[in-house]
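Visitor: next comes the sequence, and after it the predicted model I'd like to discuss.
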Amino acid sequence: RKEVEQDPGPFNVPEGATVAFNCTYSNSASQSFFWYRQDCRKEPKLLMSVYSSGNEDGRFTAQLNRASQYISLLIRDSKLSDSATYLCAVNTGNQFYFGTGTSLTVIP
Amino acid sequence: EPEVTQTPSHQVTQMGQEVILRCVPISNHLYFYWYRQILGQKVEFLVSFYNNEISEKSEIFDDQFSVERPDGSNFTLKIRSTKLEDSAMYFCASRGGGFISGNTIYFGEGSWLTVV
């Protein structure tokens, strides 16, 4: 069973749309959760950490549901510059497991 | 902002040759990682390193791979005898390990390895 499962997409949305990504994780002992953004042939960059209480950073909202073992990322009012691959990451012990990434293309 | 730095950014090598990829993690970070990403595929864990020894490694990290922290700042990945399927982007990453902010992992820009 994979540690982290993520819908690879692709998601093609018009500018201004709201888009949501989900990730599920298998280990209930996982302690920290993150969303990363990866541009083509670049390194993953931390977008935001994910907390049970939910957290928001501008147009981005991340949520953690420990009971169902999933994390989500909501992007509102999407911009062309949001086009990228979004990776969820789960920290279990000293290990970080990444999802396959969800590809987002925002269309003018 | 402190960052993880990696060299070289791109290396082309012949099959069977040895390759060393270098990384300078963020100063005062305690945990170090190597990941790889084959073009178009997911980021895959190779190895983690803490307190001058390997703490975990994946099935990918077989006997042809080794890691070292030779001088307290560099963290290297050596591939002894490269195969065509080793062609990938190799990312070094580090994290602090502190209670409040130590659970975030930061990546270097990657070393793109092409084996021909």
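Guide: Received the coordinates, thanks.
Visitor: quick one: least confident helix or strand in chain A?
Guide: strand A:95-98 (a mean of 89; mean pLDDT, DSSP states H and E).
Visitor: quick one: is it near chain B?
Guide: Yes: residues of strand A:95-98 are located near chain B by C-beta under 8 Å from any C-beta of the partner chain, namely A:95, A:96, A:97, A:98. The C-beta positions use only the backbone N, C-alpha and C, and glycine is treated the same way.
Visitor: residue A:64 against residue A:73, yeah?
Guide: No: contact between residue A:64 and residue A:73 fails when scored by C-beta atoms under 8 Å: they sit 10.7 Å apart.
Visitor: could you redo the residues of strand A:95-98 next to chain B as TSV and give each row neighbour count?
Guide: Putting the residues of strand A:95-98 next to chain B into TSV (neighbours: other C-beta atoms under 10 Å in any protein chain shown) gives the following:
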residue	neighbour count
A:95	18
A:96	26
A:97	20
A:98	24
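Visitor: strands of chain B, residue ranges please.
Guide: In chain B, the strands defined using DSSP state E lie at B:5-7, B:10-13, B:19-24, B:31-37, B:44-50, B:53-57, B:65-68, B:75-79, B:88-95, B:106-107, B:111-115.
Visitor: as CSV, these with mean pLDDT and distance to chain A would be great.
Guide: Converted to CSV, the strands of chain B look like this (pLDDT from 0 to 100; distance: least, C-beta to the nearest C-beta, whole Å):
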stretch, mean pLDDT, distance to chain A
strand B:5-7, 97, 9
strand B:10-13, 97, 10
strand B:19-24, 97, 12
strand B:31-37, 95, 6
strand B:44-50, 94, 6
strand B:53-57, 93, 6
strand B:65-68, 96, 15
strand B:75-79, 97, 15
strand B:88-95, 96, 6
strand B:106-107, 94, 4
strand B:111-115, 97, 8
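Visitor: whichever strand in chain A runs longest near chain B anywhere?
Guide: Of all the segments of type strand in chain A, defined by DSSP E, the longest one is strand A:84-92. Yes: shown here: strand A:84-92 in contact with chain B (C-beta under 8 Å from any C-beta) through A:87, A:89, A:91.
Visitor: and which of these is nearest to residue A:106?
Guide: residue A:87 (17.4 Å; C-beta to C-beta).
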